[in-house]
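Participant: need the 3D shape of this:
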Amino acid sequence: MKDSHLGAFGAIGIFLLLLGKFLLYEQVIKKDLLFLLMAAPILSRWGMVFLAFISHPARPEGMGKIFAQNLSKKTFIYASIWTGLLIVFIAQSKGLLLWGLTTAFLWLFRHWSYKKIQGIIGDVLGASSELTEVMVFTAGLLVYH
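Facilitator: Numbers count the residues shown, from 1 in each chain. The predicted model follows:
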């Protein structure tokens, strides 16, 4: 972001994100869905690679440009293969469903970002990672409770 200061809405957003994650962790452990504790970070990190691969930068400078323009097809394929192997190993077919949901979520998130700022920036990639984790935990709890 051009302005690096944290405002009131930013502080409230961080607080709500952390509170939400804490509550989701509690439910994941309570319902013994521990595979989600490994699947969510894996899918969220792959999601940043996916989003950078399918998007263009909103500004001519910055982290969004570095990632979106320098990510090769080969890197994306390797990231996807490793993600697929890890997810299947950790969560079997449940992981594949969560991977599909992650992909759909990120397409929607990309669409929202394009409407707001006509591309992605580094902050969008970071936000996608955090929101994807929350989405995976939530979807996993709803589907596999």
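Participant: helices or strands up against the lowest-mean-pLDDT helix or strand in the chain?
Facilitator: Lowest by mean pLDDT, DSSP states H and E among the helices and strands of the chain is helix 63-70, with a mean of 73. Contacts defined by 3 or more C-beta pairs under 8 Å, 6 or more residues apart in numbering; DSSP states H and E place helix 63-70 against helix 35-54, helix 122-144. (Each C-beta comes from the backbone N, C-alpha and C, glycine too.)
Participant: specify the angle between the next helix or strand after that helix and helix 63-70 in degrees.
Facilitator: For helix 63-70, the following helix or strand on the C-terminal side (DSSP states H and E) is helix 73-117. Angle, helix 73-117 to helix 63-70, by axes from the mean of the first three to the mean of the last three C-alpha atoms, to 10 degrees: 140 degrees.
Participant: same for helix 73-117, what does it pack against?
Facilitator: Packed next to helix 73-117, using 3+ C-beta pairs under 8 Å, 6+ apart, are helix 35-54, helix 122-144.
Participant: which of those helices has the highest mean neighbour count?
Facilitator: Neighbour counts (mean count of other C-beta atoms under 10 Å) averaged over each of the helices and strands packed on helix 73-117 peak at helix 35-54, with a mean of 21.
Participant: so which strand or helix has the nearest residue to Leu141 once chain neighbours are set aside?
Facilitator: Closest residue in space to Leu141, ignoring its immediate chain neighbours: Gln27 at 5.5 Å, by C-beta to C-beta, 6 or more residues apart in numbering. Gln27 is part of helix 8-30, with elements assigned from DSSP H and E.
Participant: what does that helix rub up against?
Facilitator: 6, 34, 36-37, 130, 133-134, 137-138, 140-141 (C-beta atoms under 8 Å, 6 or more residues apart in numbering).
Participant: again, only this time at 6 Å
Facilitator: 36, 130, 134, 137, 141 (C-beta atoms under 6 Å, 6 or more residues apart in numbering).
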